[in-house]
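> Based on what follows, work out the 3D shape:
(chains A and B)
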Amino acid sequence: MLEIRDIHKSFSGEEVLKGIDFKVDKGEVIAVIGPSGSGKTTLLRCISFLEKADKGTIIFDGYTHEMGTISNRDIKKIRMRMGYVFQNFNLFSNMTVFENVMEGLTTARGIERNTARSKTIDVLEKVGMIDKAEYYPGEISGGQQQRVAIARAIAPDPDVILFDEPTSALDPELTGEVLDVMKRLAKEGTTMVVVTHEMGFAMDVASRITFMENGMVVEEGTSREFFSSPKEDRSRQFIRRIMRECEYTI
Amino acid sequence: MSERLIGILTDSFVKILIPGIKVTIPLTMLSFAFSFVLGLALALVQVADIKVLRQFARFYIWVFRGTPLIVQLFIIFFGLPSIGITLDAFPSAVIAFGMNLGAYNAEVFRSSIQAIPQGQMEAAFMIGLSYPTTMRRIILPQSFPIAFPSLFNNLISLLKDTSLASSITVIELFTTAQQIAARTYEPFALYCEAAVIYLFFSTFLTWLQSFLEAKLVWKSKPVTDAGKNRAILG
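Prediction:
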């Protein structure tokens, strides 16, 4: 459904994505993991055109586009069918929770107000935030803000939702409520790409794992394969280190 | 104080106040409205990074901030007729003040727009808003409360600067004070009187500023738990 081929991206001469191929099928949950600076977030930002890739091809919804030369119109068309959840939530601080979710439906997509309202109520109920509908983002906790941000992303029924480290900016005790919402979405068959450091989530929820390092995909496979019998040395090392960290926290 | 002087002062108070209300205030409001629109436009082309327009905006701001206001007034009122453009004194003043303050307001708007975290714009793009809609719905509503105090500060400066219009024959508050001072030979008393009237006006604006600011702050950054008092789902 979404496919990326040979994507390259450099920041001031330093190549952070060195030719990555990436593919998501409908209903899949892909966890993109790897050490800091491996290019995970940059990959997500290039897929959503928040960064312009130097080179690469995107195949989405049956259309093929060159990422270096794609027009703004095509970018907007792709974004209309994509949800994005940011590390720092980025809720619109001049709008209430309810308005934050409504905006993408009414202003961006021209959906009639009453339809948009009932959709907004639906998704806010789904993330358990309907009680705070009239609050401003500054009045609710980080975990609550992120749940609203998820509601905002899913409200237009996008084909795929990209999550950029959705729990990294949260206090440890608030990550649970966000991960729970994401698990529920995964169960319902939402197509998701999740850049994450939460290995528990990657193991339990993700159907496939993409392990990145130094701007390249080191290993790619189903979640079970990856964690039980990784093929690459580097993956094995990474998993061993992560598992050791888990022991520390227990 | 002699009875004659008291008579002159009470007599002239209304005579100065009337052109103050009829000319100084409209001149201030019109010039400010012009500078507001112009400043916003100059700021928007800069942050949108439209290359040619951005360079034009930088050039414009460089020129208008770098030259004295009175010189700009003289160029428009006394200078332009020699190249065939003749304007009345009042519109000349509106144009000069508006163009001058536009350069300052452009910087106020630009910095207030740039103060909004980049993530707000990215989030707007990702829910499918276009650049202009993002500006209108997300960025400007958030940057306006930031710009507001500086804009109002510029408005108060403008109110006082309109006295310079007396130098291009606009009959406003200060011109009237000058005329009466010349007639009565009481410059000290009359210029003090003019100062007091300006002070009335600017005091009112200062009060208006704190009144409006209190409202703006509440709307843009509600205090914790304010939402509780609002009805759920309207």
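
> If we ignore the residues flanking it in sequence, what's nearest residue B:180?
residue B:12 (4.8 Å; C-beta to C-beta, 6 or more residues apart in numbering or on different chains). (Each C-beta comes from the backbone N, C-alpha and C, glycine too.)

> I'd like to know how far the one you found sits from residue B:201.
17 Å (C-beta to C-beta, to the nearest Å).

> Which residues of chain A lie near chain B?
A:48, A:50, A:76, A:79-80, A:82-84, A:86, A:88, A:90-94, A:96, A:98, A:103-104, A:107-109, A:121, A:131-136, A:138-139, A:149, A:152-153, A:156 (C-beta under 8 Å from any C-beta of the partner chain).

> pLDDT value on the residue nearest to residue B:168 when sequence neighbours are not counted, please?
Leaving aside its sequence neighbours, residue B:168 sits nearest to residue B:77 (C-beta to C-beta, 6+ apart; 4.1 Å). Note on residue B:77: pLDDT of 97.

> Just list the residues touching residue B:77, thanks.
B:87, B:89, B:92, B:93, B:96, B:168, B:169 (C-beta atoms under 8 Å, 6 or more residues apart in numbering or on different chains).

> What are the buried residues along the lowest-mean-pLDDT helix or strand in chain A?
Among the helical and strand segments of chain A, the one scoring lowest on mean pLDDT, DSSP states H and E is helix A:233-249, with a mean of 80. Under the neighbour-count criterion of 16 or more other C-beta atoms under 10 Å in any protein chain shown, helix A:233-249 has A:234, A:235, A:238, A:239 buried.

> quick check, residue A:15 in a strand?
Yes: with DSSP: H, G, I helix; E, B strand; the rest coil as the criterion, residue A:15 is part of a strand.

> just to revisit the earlier point, what lies in contact with the least confident helix or strand of chain A?
By C-beta under 8 Å, 6+ apart, helix A:233-249 touches A:33, A:34, A:35, A:199, A:211, A:213, A:218, A:219, A:226, A:227, A:230.

> residue ranges for the helices of chain A, please.
Per DSSP state H, chain A carries helices over the ranges A:40-47, A:72-79, A:97-106, A:113-126, A:142-154, A:172-187, A:199-204, A:223-228, A:233-249.

> Next one: residue B:22 relative to residue B:9, how far apart?
For residue B:22, the distance to residue B:9 - C-beta to C-beta - is 20 Å.

> more neighbours, the two?
Taking other C-beta atoms under 10 Å in any protein chain shown, residue B:22 and residue B:9 do not tie; residue B:9 has more neighbours (19 against 13).

> Poorly predicted segments of chain B, please.
B:1, B:217-234 (pLDDT under 70).

> Looking at it, which helix is longest?
For chain B, the helix with the greatest residue count under DSSP H is helix B:187-220.

> Does anything pack onto it? Which helices or strands?
Other elements packing on helix B:187-220 under the criterion 3 or more C-beta pairs under 8 Å, 6 or more residues apart in numbering or on different chains; DSSP states H and E are helix B:3-19, helix B:140-161, helix B:173-184.

> farthest pair in the contacts of residue B:77?
Based on C-beta to C-beta, the longest span within the contacts of residue B:77 runs between B:96 and B:169 and measures 13.1 Å.

> neighbour-wise, which of these two wins?
Neighbour totals were compared for residue B:96 and residue B:169, and residue B:96 leads with 26 against 14 (other C-beta under 10 Å).

> Not counting sequence-adjacent ones, nearest residue to residue A:59?
residue A:3 (4.2 Å).

> The one you found - how many residues pack around it?
Neighbours of residue A:3 using other C-beta under 10 Å come to 14.

> surely it meets residue A:23?
Yes: Residue A:3 lies in contact with residue A:23 (C-beta atoms under 8 Å); the separation is 4.7 Å.

> List the contacts of the nearest residue to residue B:190 once chain neighbours are set aside.
Among residues not flanking residue B:190 along the chain, residue B:181 sits closest, at 4.1 Å (C-beta to C-beta, 6+ apart). Residue B:181 makes contact with B:187, B:190, B:191, according to C-beta under 8 Å, 6+ apart.

> Residue B:181 and chain A, how far apart?
50 Å (C-beta to the nearest C-beta, to the nearest Å).

> Would you mind confirming that residue B:112 makes contact with residue B:149?
No: here residue B:112 does not reach residue B:149: they are 9.9 Å apart, not a contact under C-beta under 8 Å.

> more crowded one of these two?
residue B:112 (22 against 16).

> Quick check: which element contains the more buried one?
helix B:89-114 (DSSP states H and E).

> which residues touch the residue nearest the centre of chain A?
Centroid check for chain A by C-alpha atoms, centre = their mean gives residue A:163 as the closest residue, at 1.6 Å. Residues in contact with residue A:163 (C-beta under 8 Å, 6+ apart) are A:85, A:182, A:192, A:193, A:194, A:195, A:196.

> 10 Å instead?
Residue A:163 makes contacts with A:29, A:31-32, A:44, A:83-87, A:146, A:149-150, A:153, A:178, A:182, A:185, A:192-196, A:201, as judged by C-beta atoms under 10 Å, 6 or more residues apart in numbering or on different chains.

> and what of residue B:184?
B:4, B:5, B:7, B:8, B:9, B:11, B:12, B:190.

> gap between it and residue B:20?
18 Å.

> Check residue A:175 too.
On the measure of C-beta to C-beta, residue A:175 and residue B:20 end up 63 Å apart.

> distance of the closest residue to residue B:48 other than its chain neighbours from residue A:12?
In this structure, residue B:48 finds its nearest non-sequential neighbour in residue B:131, 7.1 Å apart by C-beta to C-beta, 6+ apart. For residue B:131, the distance to residue A:12 (C-beta to C-beta) stands at 25 Å.

> Name the residue in these two with the higher neighbour count.
residue B:131 (14 against 4).

> Would you check that that one makes contact with residue B:122?
No: Residue B:131 is beyond contact range of residue B:122, at 11.9 Å (criterion: C-beta atoms under 10 Å).

> ok so, going back, can you give me the distance of the residue nearest to residue A:59 to residue A:56?
Distance from residue A:3 to residue A:56, by C-beta to C-beta: 11 Å.

> hey, what's in contact with both of these two?
A:21, A:22.

> returning to what we had before: what sits in contact with each of residue A:3 and residue A:23?
residue A:59.

> Report the distance from stretch A:157-167 to the chain centre.
Averaging C-alpha positions (C-alpha atoms, centre = their mean, to the nearest Å) puts stretch A:157-167 3 Å from its chain's average.

> what's the answer for stretch A:54-72, then?
The answer for stretch A:54-72 is 19 Å, by C-alpha atoms, centre = their mean.

> and it, average pLDDT?
92.

> what's next to that stretch, contact-wise?
Contacts of stretch A:54-72 with the rest of the structure, by C-beta under 10 Å, 6+ apart, involve A:1-10, A:15, A:17, A:19-24, A:46-47, A:49, A:51-53, A:74-75, A:77-78, A:80-82, A:159-160, B:130-131.
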